[in-house]
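Trainee: make a model of this:
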Amino acid sequence: MSSSSQSIFSPRYFALSIGIILSVMAVGFEGLSVTTIAPSIAGDLNGLDLFGWIFSTYLLAQIIGTLVVGRIIDRQGPATPFTFALILFVVGLIAAATAGDMYTMIGARAMQGLGAGAMMTCVYTAISLSYPDELRAKILGAFGTAYVLPSMLGPYVAGLIADQWSWRFVFWGILPILIVSALLSLPAFRKLKTQGTQGDSGASATWLAVLLTIGTGIFLVGLSMLPIFTGFVLVLIGLALMGYPLLNLLPKGTLAFRRGMPAILATRGLFFAAYASTQNFLVLALIDVKGITPSQAGLIVASAALSWCLIAYLQGRWDAADQGRGRHTRIILGVLLLAIGIALVFWVPVVTVAVAVIGQIIAGIGIGLAHPISGVVAFSQTGNGDVGETSANLQFADSFTPGVVIGIGGSILVVCQAAGMSLQSGLIVTMGFHLLLIVTSLFASTRIRPAN
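Mentor: Got it, this is the predicted structure:
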């Protein structure tokens, strides 16, 4: 049977596919659930003054877990890093579930971030090494769906668990999913080998990742202090510290949209960050400006998740039908639709809620087109010896850039309000920033074909 006629759930791939999907769902559910239960955690542990670090610590640790493990994979293969990442994530969950104070919780979130970043990088690597090119669009579509579904159910389910029992059960409840994932996927991971490379040493990558993490932390702290002068100083220091690691950890030319792999990563980082940040501020606009309930706002945001899931599913069929010839076109079309969707949401503070729903559906179609296929194209341009590094870069684009952009969006809103602007006007300016990012991503997407 040719690979093009196989399914990712055929006997050869079934265990690995289910294991990957469960891993992604566990990480996605945990990350998104914390958004709902964080106020309860901070209140119970008397740590409201440290509330923001529940999220920031996870993001900063994820940077190290993502970037360091990519280099390790290229030298040793993904089995050992995936095992340690699973253990680290599980220990982080247990520590969070049993935390007696806020500092323990923050430490637990750091372990979860390290584990999650490393796990997702290993998963991307397994996809590249295990599935033929013809099936990657399908498994990456399932990968996206496995992450999107928790975005619809995770916050609600976590809130229900916290209300009925305790927020601690949210962390305990993820453990069985990870255990089943490990049992299914680890045997397949042990069979995967990469062609060891003699590129960056692991120590070099580690120190660069740590420097980037420190710089990002300072940058985010500075953003939270704007518009006071100290905030501007910290932002500049953070940017200075972030620059060198970014230039050395990412493919050369990424920040300049060089053709091929650099442009793919730049495109993906920009459109995913714009999408994720838009979702966050759209909820704020719907609740605080339009006056609808949180549950209604959640349903509106879920409309994007539904269209994303549908298009991600169809993506694999379209890719098989045109044998991958339309991949570059679908990425550009997806980013264009994202731009249209965000352009509609841009006006949400001053137009009807119906426009928000339409904008969300269009944006969901756009990211459903662009996100899975950008990964497929990236792997198609990757040699076997560099698959770990490419996996790390894809995961980095999905985690680092959204975290930074959400921080920038929040600071824009704060500065606007400090300048005397209304919340409505501040949200329009923030949405305008997202629109600028997606237009920049659209330009980068025209350069994803390698130079001849």
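
Trainee: state the number of residues packed around the nearest residue to Arg190 once chain neighbours are set aside.
Mentor: Sequence neighbours aside, Ala79 is the residue nearest to Arg190 in space, at 4.5 Å (criterion: CB to CB, 6 or more residues apart in numbering). (C-beta placed from N, C-alpha, C; glycine too.) Ala79 has 20 neighbours, counted by other CB atoms under 10 Å.

Trainee: was I right to think Ala79 contacts Leu186?
Mentor: Yes - Ala79 lies in contact with Leu186 (CB atoms under 8 Å); the separation is 7.1 Å.

Trainee: contacts only, for Ser181.
Mentor: Neighbour list for Ser181: Gly19, Ile20, Leu22, Ser23, Ala26, Leu86 [criterion: CB atoms under 8 Å, 6 or more residues apart in numbering].

Trainee: please list only the buried members of those residues.
Mentor: In the contacts of Ser181, burial by neighbour count holds for Gly19, Ile20, Leu22, Ser23, Ala26, Leu86, counting by 16 or more other CB atoms under 10 Å.

Trainee: ok, now which ones touch Gly100?
Mentor: The contact partners of Gly100, taken as CB under 8 Å, 6+ apart, are Leu45.

Trainee: output the below-cut-off pLDDT ranges for the stretch 251-400 of the chain.
Mentor: 294-295, 348-351, 384-385 (pLDDT under 70).

Trainee: change it to 50
Mentor: Within the stretch 251-400 of the chain, not a single segment meets pLDDT under 50.

Trainee: show me where it has its strands.
Mentor: Counting by DSSP state E, counting those that start in this stretch, no segments of the stretch 251-400 of the chain form strands.

Trainee: in it, which spans are helices?
Mentor: Applying DSSP state H, counting those that start in this stretch to the stretch 251-400 of the chain gives helices spanning 261-284, 294-321, 327-345, 353-380, 387-418.

Trainee: Ile64 is nearest to which of these?
Mentor: The minimum distance between Ile64 and the helices of the stretch 251-400 of the chain falls on helix 387-418, with 10.9 Å, by CB to CB.

Trainee: so who does Ser277 touch?
Mentor: Ser277 neighbours (CB under 8 Å, 6+ apart): Pro402, Val405, Ile406, Gly409, His434.

Trainee: likewise for Ala95?
Mentor: Thr104, Met105, Gly107, Ala108, Met111.

Trainee: distance of the third one relative to Ala61?
Mentor: In this structure, Gly107 and Ala61 are separated by 10 Å, where distance is defined by CB to CB, to the nearest Å.

Trainee: which one of these two is surrounded by more residues?
Mentor: Set side by side, Gly107 and Ala61 show more neighbours around Ala61, with 23 against 17, by other CB under 10 Å.

Trainee: ok, the more buried one touching Ala110?
Mentor: Yes - with contact defined as CB under 8 Å, Ala61 counts as touching Ala110 (4.3 Å).

Trainee: who are the packing partners of whichever strand or helix holds Leu437?
Mentor: In this assignment (DSSP states H and E), Leu437 forms part of helix 423-445. Counting contacts by 3 or more CB pairs under 8 Å, 6 or more residues apart in numbering; DSSP states H and E, helix 423-445 packs against helix 261-284, helix 327-345, helix 387-418.

Trainee: give me the contact list for that helix.
Mentor: By CB under 8 Å, 6+ apart, the list of residues contacting helix 423-445 reads 257, 263, 266-267, 270-271, 273-275, 277-278, 281, 284-285, 288-289, 331-332, 335-336, 338-339, 342-343, 345-350, 370, 405, 408-409, 412-413, 416-417, 421.

Trainee: which among the residues you listed end up buried?
Mentor: By 16+ other CB under 10 Å, the contacts of helix 423-445 give 257, 263, 266-267, 270-271, 273-275, 277-278, 281, 284-285, 289, 331-332, 335-336, 338-339, 342-343, 345-346, 348-349, 370, 405, 408-409, 412-413, 416 as buried.

Trainee: got CSV for the contacts of Ser181, with distance to Ala97 too?
Mentor: As requested, these are exported to CSV (distance: CB to CB, whole Å):
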residue, distance to Ala97
Gly19, 23
Ile20, 25
Leu22, 19
Ser23, 19
Ala26, 14
Leu86, 16
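
Trainee: farthest-apart pair in those residues, please.
Mentor: Top of the distance list for the contacts of Ser181 (CB to CB): Ile20 and Leu86, 12.6 Å.

Trainee: quote the end-to-end distance of stretch 412-427.
Mentor: 9 Å (CA to CA, to the nearest Å).

Trainee: please apply the same query to stretch 288-300.
Mentor: 15 Å.

Trainee: how about that stretch: buried residues?
Mentor: Quick answer for stretch 288-300 (16+ other CB under 10 Å): Val289, Lys290, Ile292, Ala297, Gly298, Ile300.

Trainee: so the second one touches Val355, yeah?
Mentor: No - between Lys290 and Val355 there is no contact under CB under 8 Å: 10.7 Å.

Trainee: and the closest residue in space to Leu212 that isn't next to it in sequence, helix, strand or coil?
Mentor: Nearest non-adjacent residue to Leu212, counting by CB to CB, 6+ apart: Pro245, 3.7 Å away. Three-state call for Pro245 (DSSP: H, G, I helix; E, B strand; the rest coil): helix.

Trainee: how many neighbours does Pro245 have?
Mentor: Pro245, neighbours per other CB under 10 Å, totals 22.

Trainee: ok, it to Gly238 distance?
Mentor: Counting by CB to CB, the separation of Pro245 from Gly238 is 12 Å.

Trainee: cool, Leu299 as well?
Mentor: Distance, Leu299 to Gly238, using CB to CB: 37 Å.

Trainee: shared neighbours of Pro245 and Gly238, anything?
Mentor: Jointly contacting Pro245 and Gly238 under the rule CB under 8 Å, 6+ apart are Gly215.

Trainee: what segments of the stretch 101-250 of the chain are helices?
Mentor: Counting by DSSP H, counting those that start in this stretch, the stretch 101-250 of the chain has helices at residues 102-130, 133-164, 168-190, 202-225, 229-249.

Trainee: nearest to Leu45, out of these?
Mentor: helix 102-130 (4.5 Å).

Trainee: against which helices or strands is the closest one packed?
Mentor: Applying 3+ CB pairs under 8 Å, 6+ apart, we find helix 102-130 packed against helix 14-44, helix 53-76, helix 79-97, helix 133-164, helix 168-190, helix 353-380, helix 387-418.

Trainee: now those helices as a markdown table including distance to Ile218?
Mentor: A markdown table is the format used below for those (distance: least, CB to CB, whole Å):
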| stretch | distance to Ile218 |
| --- | --- |
| helix 14-44 | 23 |
| helix 53-76 | 10 |
| helix 79-97 | 24 |
| helix 133-164 | 29 |
| helix 168-190 | 29 |
| helix 353-380 | 30 |
| helix 387-418 | 12 |
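
Trainee: any idea which of these scores lowest on pLDDT?
Mentor: Note on the helices and strands packed on helix 102-130: lowest mean pLDDT is at helix 133-164, with a mean of 73.

Trainee: chain center to it, what's the gap?
Mentor: In terms of CA atoms, centre = their mean, to the nearest Å, the centre of helix 133-164 is found 12 Å from the chain centre.
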